[in-house]
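> Give the three-dimensional model of this entry:
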Amino acid sequence: MSARALNEADRHLAETRAHIKRQRETIQTLQRDGHEPDLPQAQGILETLERSLTVLLENRLAVLGQPRLCVPSKARSPANHGRKSRA
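Numbers count the residues shown, from 1 in each chain. Prediction:
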C-alpha cells in the first residue's frame, strides 16, 4: 500500500462527495425555482457522480488490498449509462 496512492484516493473521494453535495443543492434550487425541464439532466449528472463515487471507493479498497464492493453489474454497465432502470 502506497501512502501517496491512499492520499490521492481519499482526495478524489472528498472532491466527488463535494460535487455530489453541490449537485443535490442544484437540484433543490431547480425544483424550488420551477425549472422542471432541467431536472432530468441535473439528476443524470447526480447519478453519474454517485456511480463515480462507487468506483472511487472500490479504488480505495484496492489500494488498501481489500476485496471490491458488491455492486450489481447491471448498475455499472456502460450500456446503462444515462438510462433509467425499468423495474
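> CA atoms for contacts and neighbours, from now on please.
OK.
> my guess is residue 6 contacts residue 62, does it?
No: between residue 6 and residue 62 there is no contact under Cα atoms under 8 Å: 9.6 Å.
> thinking in terms of the whole chain, how far from its middle is the lengthiest helix in the chain?
Looking across the chain with DSSP state H, the single longest helix is helix 3-32. A distance of 8 Å separates the centroid of the chain from that of helix 3-32, by Cα atoms, centre = their mean, to the nearest Å.
> avg pLDDT for the very next helix or strand once past that helix?
Counting by DSSP states H and E, the next helix or strand C-terminal to helix 3-32 is helix 39-64. Taken as a whole, helix 39-64 has a mean pLDDT of 97.
> Skipping adjacent residues, who's closest to residue 19 in space?
residue 49 (7.4 Å; Cα to Cα, 6 or more residues apart in numbering).
> which residues sit in contact with the spatially most central residue of the chain?
When Cα atoms, centre = their mean is applied to the chain, the residue found nearest the centroid is residue 50 (1.9 Å). Contacts for residue 50 (Cα atoms under 8 Å, 6 or more residues apart in numbering) come out as residue 20.
> Against residue 25, how distant is it?
Here the criterion is Cα to Cα, to the nearest Å. By it, residue 50 lies 14 Å from residue 25.
> Can you give me the buried ones in stretch 22-30?
23-24, 26-27, 30 (16 or more other Cα atoms under 10 Å).
> out of the residues you listed, who's nearest residue 37?
residue 30 (9.1 Å; Cα to Cα).
> What residues of stretch 41-58 count as buried?
Per 16+ other Cα under 10 Å, stretch 41-58 contains these buried residues: 42-43, 45-47, 49-50, 52-58.
> Let's have those in JSON lines, adding distance to residue 13.
Compiled in JSON lines, the buried residues of stretch 41-58 are given as follows (distance: Cα to Cα, whole Å):
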{"residue": "42", "distance to residue 13": "20"}
{"residue": "43", "distance to residue 13": "20"}
{"residue": "45", "distance to residue 13": "17"}
{"residue": "46", "distance to residue 13": "15"}
{"residue": "47", "distance to residue 13": "15"}
{"residue": "49", "distance to residue 13": "11"}
{"residue": "50", "distance to residue 13": "11"}
{"residue": "52", "distance to residue 13": "9"}
{"residue": "53", "distance to residue 13": "7"}
{"residue": "54", "distance to residue 13": "9"}
{"residue": "55", "distance to residue 13": "10"}
{"residue": "56", "distance to residue 13": "6"}
{"residue": "57", "distance to residue 13": "7"}
{"residue": "58", "distance to residue 13": "11"}
